[in-house]
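Chemist: Here you go, sequence then predicted model.
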Amino acid sequence: MKHIVKIITLLVTISALWIGLLQAAILPRSYTWLPPIYFIVSLGCYGLLMVGVGLMQFPTCPQEALLLQQDIVEAKEFLKQRNVDVGDSE
């Protein structure tokens, strides 16, 4: 819920700034379409940057990997007891 409030606040602020620029005639009428496009492009760049940072800092969890391997072995044993072919690919 907090993210929605942040996003709405950001959108309202940018919209107010854009309308203010239009009302003050700082931007010529022929360039009124540029700020929304710049905003969309910069938002896309920010999103790509956040994905890249998230991938670079992706945590590795060796203990969780061991637990997962143990769960897989237990599941194979359980299925073998039930006469299900699990295909030994070890």
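Modeler: Great, that's in hand.

Chemist: Three-state assignment for Phe78, please.
Modeler: helix (DSSP: H, G, I helix; E, B strand; the rest coil).

Chemist: Now do it, the pLDDT please.
Modeler: Model confidence at Phe78, given as pLDDT, is 92.

Chemist: Equivalent analysis for Tyr38, please.
Modeler: 84.

Chemist: Find the least confident helix or strand in the protein, judged by mean pLDDT.
Modeler: helix 2-23 (a mean of 84; mean pLDDT, DSSP states H and E).

Chemist: Burial check on Leu17, number of neighbours?
Modeler: 12 (other CB atoms under 10 Å). (Glycine included, C-beta is placed from N, CA and C.)

Chemist: That one and Met56: what is the separation?
Modeler: Per CB to CB, to the nearest Å, Leu17 is found 32 Å from Met56.

Chemist: likewise Arg82?
Modeler: Distance from Arg82 to Met56, by CB to CB: 43 Å.

Chemist: Repeat that for Gln23.
Modeler: Gln23 is 43 Å from Met56, by CB to CB.

Chemist: One more: Pro35?
Modeler: Going from Pro35 to Met56 by CB to CB gives 31 Å.

Chemist: So these two - more neighbours on which side?
Modeler: Pro35 (16 against 7).

Chemist: correct me, but the more buried one touches Leu27?
Modeler: Yes. At 7.4 Å, Pro35 counts as touching Leu27 under the criterion of CB atoms under 8 Å.

Chemist: Can you pull the residues that touch both of these two?
Modeler: Leu21 (CB atoms under 8 Å, 6 or more residues apart in numbering).

Chemist: and Glu74, how many residues sit next to it?
Modeler: Neighbour tally, Glu74, other CB under 10 Å: 10.

Chemist: hmm, I was thinking of Leu27
Modeler: Using other CB under 10 Å, Leu27 is surrounded by 14 other residues.

Chemist: Does it touch Pro36 like I think?
Modeler: No. Counting by CB under 8 Å, Pro36 is not a contact partner of Leu27; they are 11.6 Å apart.

Chemist: and the residue positioned nearest the centre of the chain, what helix or strand is that in?
Modeler: For the chain, the residue nearest the mean C-alpha position is Val51 (6.0 Å; CA atoms, centre = their mean). Assessed by DSSP states H and E, Val51 sits inside helix 34-56.
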